[in-house]
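> structure, please.
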Amino acid sequence: MKAFLLAAGLGTRLRPLTDSVPKCLVQIDGKPLLDYWMDLYSLHNVSEVLINTHYMHAQVHEYIYDRNLSGKLPYITEYYESELLGSAGTVAANRDFILNDEAFYICYADNLTNIDLTHMLKFHQAHTASFTMALFRSNNPSQCGIAALDKDDRIARFEEKPLEPESNLANAGVYIADRSLFDLLPPGRFLDFGKDIIPTLVGKMYGWESHDYLLDIGTPENYRKAQEDAKWIIRKK
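Sure thing, here's the model as predicted:
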């Protein structure tokens, strides 16, 4: 199984830390964030990952080169974007990466997580879904994409960063999709999953609630929290 790992963001909220290192390579308890993702993918039998690069891409390129040279799985393919394509735009530009795989992961590298990808995949397959979104309970729902589920776990409503959230069931930034997703992704333009694609899937996609650890490390407060959490939650699961 393959995965997209969206890692090209500028990390502006983490400055000045990200003035010298891209967000996907910031150190958390002595390891770059990308290492946590590669360990997670390896645990859940992901064989190949495509990572998009943009900001300080040379550092990420070096990480990818060294990781592949080590022989550790998953194997990493780099996709450099001279101009950012957006979360869905990256996937649209790389449809050939998937070939005939029946399902694939799409994940946001901003998060530190030990999410059970295998459990999520079993849910996805049991619901014969073409798109499944991982959900979590957020303490700050007005800053998230918020979903409402029907009795069959289908996402009946979705709103990006609502002023008055109706729940705290939030988009975790982890998806499973099949190749039919590409029919919704016109290549060659900026596309964002939260704003451009997910609203068109309301009533058709499914939501899987994760009870695992997940933290967006993109603020100084969360970055500091991640240093402690990684010791006790991520590395010891």
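> all strands for the chain, in order.
Per DSSP state E, the chain carries strands over the ranges 2-6, 27-28, 31-32, 48-53, 75-80, 104-108, 111-113, 131-137, 145-149, 155-160, 169-177, 206-209, 214-216.
> and the fifth one, how far from the chain's centre?
The chain centroid and the centroid of strand 75-80 are separated by 15 Å under C-alpha atoms, centre = their mean, to the nearest Å.
> kindly report the same for the second one.
Averaging C-alpha coordinates over strand 27-28 and over its chain gives two centres that are 18 Å apart (C-alpha atoms, centre = their mean).
> can you check the fourth one too?
Taking C-alpha atoms, centre = their mean, one finds the center of strand 48-53 at 11 Å from the center of the full chain.
> picking up where we left off before, any chance of the strands of the chain in CSV, plus mean neighbour count?
For every residue, glycine as well, the C-beta is placed using N, CA and C. Shown next, in CSV, are the strands of the chain (neighbours: other C-beta atoms under 10 Å):
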stretch, mean neighbour count
strand 2-6, 22
strand 27-28, 16
strand 31-32, 16
strand 48-53, 23
strand 75-80, 16
strand 104-108, 22
strand 111-113, 24
strand 131-137, 23
strand 145-149, 20
strand 155-160, 18
strand 169-177, 24
strand 206-209, 22
strand 214-216, 19
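> how close does the residue of the chain most remote from its centre get to Met1?
Most distant residue from the mean C-alpha position of the chain: Lys151, 25.9 Å away (C-alpha atoms, centre = their mean). For Lys151, the distance to Met1 equals 29 Å [C-beta to C-beta, to the nearest Å].
> can you give me the helices in the chain?
For the chain, the helices defined by DSSP state H cover 33-43, 57-70, 87-92, 117-126, 198-201, 220-229.
> mind checking which of the ones you listed is nearest Lys161?
helix 198-201 (12.6 Å; C-beta to C-beta).
> flag every buried residue along that closest one.
Within helix 198-201, the residues that count as buried by 16 or more other C-beta atoms under 10 Å are 198, 201.
> so how far is that helix from its chain's centroid?
Distance, centroid of helix 198-201 to centroid of chain: 17 Å (C-alpha atoms, centre = their mean).
> check stretch 101-119 too.
How far stretch 101-119 lies from its chain's middle: 6 Å, per C-alpha atoms, centre = their mean.
> put the alpha carbons of it into CSV.
Extracted in CSV, the C-alpha atoms of stretch 101-119 (Å, rounded to 0.1, in the frame of the first residue of the first chain):
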residue,chain,number,x,y,z
ASP,A,101,-3.5,0.2,-6.1
GLU,A,102,-7.0,-0.2,-4.8
ALA,A,103,-6.6,2.2,-1.9
PHE,A,104,-4.0,4.7,-0.6
TYR,A,105,-3.4,7.0,2.4
ILE,A,106,-3.2,10.8,2.3
CYS,A,107,-1.7,12.3,5.4
TYR,A,108,-0.7,15.8,6.6
ALA,A,109,2.8,15.8,8.0
ASP,A,110,2.0,18.7,10.4
ASN,A,111,0.7,16.1,12.9
LEU,A,112,2.5,14.0,15.5
THR,A,113,0.4,10.9,15.8
ASN,A,114,0.3,7.1,16.5
ILE,A,115,-3.0,6.7,14.6
ASP,A,116,-3.9,3.1,13.9
LEU,A,117,-3.8,3.1,10.1
THR,A,118,-4.5,-0.6,9.9
HIS,A,119,-7.7,-0.3,11.9
